[in-house]
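Student: here's a sequence, model it:
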Amino acid sequence: MKPSKSLQTIIEAVICSSIFILLLGVTTYLLYSKSLNALEDQIKIGLISTVKTSASTLDGAMHLTFDESTKASDANYQAMAEKMEKIRRSAADVRYIYTSVLKDGNVYFMVNPSPQNDADGDGLPDPTPALMTLYDDAPVELKRSLERYSIEISTYSDQWGSFISAYAPFYSNEGDFAGVLAMDLEVSAFQERLESIERVFDKAKIIILFLGLIVGMIIWWIRRSQVNHLNIIRHREANAKEKLSRAHHLNVLLSGLLTYFYQRIPRDLVKHTPRVRALYHYSQSLRPLAFQSDKQSIQDWFHSLDQHTYKRCKGFHDWHIPMQTEAVFTSDKITEELTQLHAQLARAQSELLRAETSLLKEHLDCWAFSTHFYLDTSSKLSALHSLIANEFEHITGSAYMAQQSPDELGIMSTINRLRQMGFDLVSGEKNRIELIWKVYKENTE
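Tutor: The predicted structure follows:
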């Protein structure tokens, strides 16, 4: 079942609003994700720079003297531990700092002065790992730094928490590898720096939903206005078609009645009464006519029109746009009717008449032409132009018709037939009559 127009506009508004929210939401999420990555990269770059600089300040030769027999009270050990603790305190958000070595493929803690958490829950900080304490769940990056003497960084979790850690090797003055300095940044510190971005993202989500609602309402209002406008147009078209149908029916009825009475008028009377014949032919021009479309070259058609015009009334019909294109004319009677109108207008002003046709506009499916009949400035001109203007205004009452001469009724009859062929009469300037009409491109009629 096809939804109603009102429901259809709501569905369209919901779809458009959803698409808007989706596109804006995806874009915002990508910006949010990029901001997170940029912040993480910034933190990692800063941490690597700090650990690299700090490692270069350590005494590698002293560190090489430490082993499992070294006591925590050793003066050298205490000096290095104090120096490392100062480095940790001066570095923002660094939770742990320690050195480590690799022995027999295993990672061992060496100097670790950082205060520990209360993992056992006794209310006191846990003791720091002793010298040469095995680091059994050491990150892969730490082991790689010890093996390759490279600077590494990792994000990992172990028994001491979740961290972003950076590792840098350090050496003695002689260039001997002494160990790796590690710095751990707690992820919680990183999360604190992310909170401002997340708050902005949360607000952005609310704003996006609100904007999506507004967009949906605007689209619904626009579409509803369009539907209402279309309904008004359809209603007017239906009324116009109904009125046109009634007028057509009335024209046919009146034409039939006139034909009935015309056929009963004695032939001698008709022969000597041109007005009666003209009225009869005018009534026939109001009846729907059957036409057959005509396909031929536009240039050849206008050449034929010019020849017919010259033979009929010694006039000329100029064509200013040479086109050899094949086209479909609405009727095979157009040449005859245009020639007839040319002759009638020339006879009405008692002089030769010049006409010309030019291309008005090209559409996708047709060409629009403008045909002008140029009148002189004789005393008959005003009456002739008044006739055309009144025909243009559709003043066809019985009193008005009774005032027209047979020639004028003939002009009106020809105009009626041309209208049925798709010609529009334009009541323009005083010295010309203009007809707008179309020929269709091949296979587009």
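
Student: and the helices in the stretch 101-250 of the chain?
Tutor: For the stretch 101-250 of the chain, applying DSSP state H, counting those that start in this stretch gives helices covering 140-148, 187-263.

Student: just the CA coordinates for the first one, please, in CSV.
Tutor: What follows is helix 140-148 as a C-alpha-only set of coordinates in CSV (Å, rounded to 0.1, in the frame of the first residue of the first chain):
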residue,chain,number,x,y,z
VAL,A,140,58.2,-7.0,24.7
GLU,A,141,59.4,-3.5,23.9
LEU,A,142,61.6,-3.4,27.0
LYS,A,143,63.2,-6.6,26.1
ARG,A,144,63.8,-5.4,22.5
SER,A,145,65.4,-2.2,23.8
LEU,A,146,67.8,-4.3,26.0
GLU,A,147,68.6,-6.6,23.1
ARG,A,148,69.0,-4.0,20.3
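
Student: same for that helix, what does it pack against?
Tutor: In terms of contacts (3 or more Cβ pairs under 8 Å, 6 or more residues apart in numbering; DSSP states H and E), helix 140-148 is packed against strand 94-103, strand 106-109, strand 152-158, strand 161-171, strand 177-186. (C-beta placed from N, C-alpha, C; glycine too.)

Student: among the helices of the stretch 101-250 of the chain, show the one with the smallest mean pLDDT.
Tutor: Lowest mean pLDDT within the helices of the stretch 101-250 of the chain: helix 187-263, a mean of 81.

Student: give me the distance from that helix to the chain's centre.
Tutor: 17 Å (Cα atoms, centre = their mean, to the nearest Å).

Student: try stretch 331-338
Tutor: On Cα atoms, centre = their mean, the centre of stretch 331-338 falls 45 Å from the chain's centre.

Student: in that stretch, what counts as buried?
Tutor: In terms of neighbour count (16 or more other Cβ atoms under 10 Å), stretch 331-338 has its buried residues at S331, K333, I334, T335, E337, L338.

Student: check stretch 366-375 too.
Tutor: Applying 16+ other Cβ under 10 Å to stretch 366-375 flags C366, W367, F369, S370, T371, H372, F373, L375 as buried.

Student: check stretch 316-332 too.
Tutor: H317, W319, A327, V328, F329, T330, S331.

Student: leaving out chain neighbours, which residue sits closest to I87?
Tutor: S54 (4.8 Å; Cβ to Cβ, 6 or more residues apart in numbering).

Student: just the helices of the stretch 101-250 of the chain: most buried one?
Tutor: Greatest average neighbour count among these goes to helix 140-148 (a mean of 17), per mean count of other Cβ atoms under 10 Å.

Student: now the angle from that one to strand 152-158?
Tutor: Compare the direction of helix 140-148 with that of strand 152-158 by axes from the mean of the first three to the mean of the last three Cα atoms, to 10 degrees and you get 140 degrees.

Student: low-confidence ranges, the stretch 1-150 of the chain, go.
Tutor: Along the stretch 1-150 of the chain, the model assigns pLDDT under 70 to residues 1-3, 117-127.

Student: recalculate using a threshold of 50.
Tutor: The stretch 1-150 of the chain contains no residues with pLDDT under 50.

Student: could you dump the helices of the stretch 101-250 of the chain to a markdown table with distance to F66?
Tutor: Converted to a markdown table, those look like this (distance: least, Cβ to Cβ, whole Å):
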| stretch | distance to F66 |
| --- | --- |
| helix 140-148 | 15 |
| helix 187-263 | 30 |
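
Student: which stretch among the ones you listed comes nearest L435?
Tutor: L435 lies closest to helix 187-263 among these, at 21.2 Å (Cβ to Cβ).

Student: how much does the closest one deviate in direction from strand 161-171?
Tutor: Using the same axes, to 10 degrees: helix 187-263 against strand 161-171 is 120 degrees.

Student: helices or strands next to helix 187-263 in the packing?
Tutor: So helix 187-263, by 3+ Cβ pairs under 8 Å, 6+ apart, packs with helix 5-55, strand 161-171, helix 274-285.

Student: repeat that with 10 Å
Tutor: Secondary-structure packing of helix 187-263 (3 or more Cβ pairs under 10 Å, 6 or more residues apart in numbering; DSSP states H and E): helix 5-55, strand 94-103, strand 152-158, strand 161-171, helix 274-285.

Student: got the angle for it vs helix 274-285?
Tutor: Angle of helix 187-263 versus helix 274-285, following the same axes, to 10 degrees, is 150 degrees.

Student: how close does A13 sit to E408?
Tutor: 58 Å (Cβ to Cβ, to the nearest Å).

Student: my bad, G60
Tutor: On the measure of Cβ to Cβ, G60 and E408 end up 120 Å apart.

Student: does the residue with the largest distance to the centre of the chain count as helix, strand or coil?
Tutor: The centre of the chain is farthest from one residue, S69, which by Cα atoms, centre = their mean lies 76.6 Å away. Applying DSSP: H, G, I helix; E, B strand; the rest coil to S69 yields a three-state assignment of coil.
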